[in-house]
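Novice: sequence unknown, structure follows:
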């Protein structure tokens, strides 16, 4: 057999650590800014004004318009809630008056058991609604106080 091609194995050269340059580190820094509210911070507003003159005035007008719109919506919601509460109280009074009148009519007609049952049932319901309303308002106030103290 003749001499054939032999594959040579290549081994990496080992060098000393002293001849190697020190490894370099690269650090990346990301900066993020954010703001909340209808207007950007004054520095950003100034930058907008330099890029496009009049932008700051338009942004201020837009914020004022949005504020007026939001206040109008809030006023409509509050007035609507007051109207619904008032109507609820009027209708509750009418129903209670009808129930008491019916009970008195039963008592007048000589049906004392039915009349007293209707009268006591109506009064107990009114008292229950009153007590439950007070209790729920106190609980709601306590929850609001707790949320405020947690901040």
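Specialist: Cool, got the structure. All of these numbers come straight from a predicted model, not from anything done at the bench.

Novice: next SSE after the helix or strand harbouring residue 46?
Specialist: Under the criterion of DSSP states H and E, residue 46 resides in helix 42-51. Where DSSP H and E defines the elements, the next helix or strand beyond helix 42-51 is helix 55-108.

Novice: for that next one, give the mean pLDDT please.
Specialist: For helix 55-108, the mean per-residue pLDDT is 93.

Novice: does anything pack onto it? Which helices or strands?
Specialist: Helix 55-108 is packed against helix 42-51, helix 112-150, with contacts defined by 3 or more Cβ pairs under 8 Å, 6 or more residues apart in numbering; DSSP states H and E. The way it works is simple: take the backbone N, C-alpha and C, and place the C-beta from them, glycine included.

Novice: so for residue 106, which of these sits nearest?
Specialist: Distance to residue 106, taken as Cβ to Cβ, is lowest for helix 112-150 among those, at 3.5 Å.

Novice: next one: the closest one to chain centre, how far?
Specialist: Here helix 112-150 shows a centroid-to-chain-centroid distance of 28 Å under the convention Cα atoms, centre = their mean, to the nearest Å.

Novice: if we can go back for a sec, counting by contacts, list what the helix holding residue 46 packs against.
Specialist: Under the contact criterion of 3+ Cβ pairs under 8 Å, 6+ apart, helix 42-51 touches helix 55-108.

Novice: what's the angle from the helix it packs on to helix 112-150?
Specialist: Between helix 55-108 and helix 112-150, the angle formed by their directions is 160 degrees, by axes from the mean of the first three to the mean of the last three Cα atoms, to 10 degrees.

Novice: centre of the chain to helix 55-108, how far?
Specialist: The answer for helix 55-108 is 21 Å, by Cα atoms, centre = their mean.

Novice: that helix vs helix 42-51, what angle?
Specialist: Interaxial angle, helix 55-108 versus helix 42-51 (the same axes, to 10 degrees): 130 degrees.

Novice: follow-up on the earlier one: JSON lines please, covering the helices and strands packed on helix 55-108 and showing mean neighbour count.
Specialist: Output for the helices and strands packed on helix 55-108, formatted as JSON lines (neighbours: other Cβ atoms under 10 Å):
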{"stretch": "helix 42-51", "mean neighbour count": "12"}
{"stretch": "helix 112-150", "mean neighbour count": "11"}
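
Novice: circling back to that earlier point, quick one: average pLDDT of the helix holding residue 46?
Specialist: So the average pLDDT for helix 42-51 ends up being 89.
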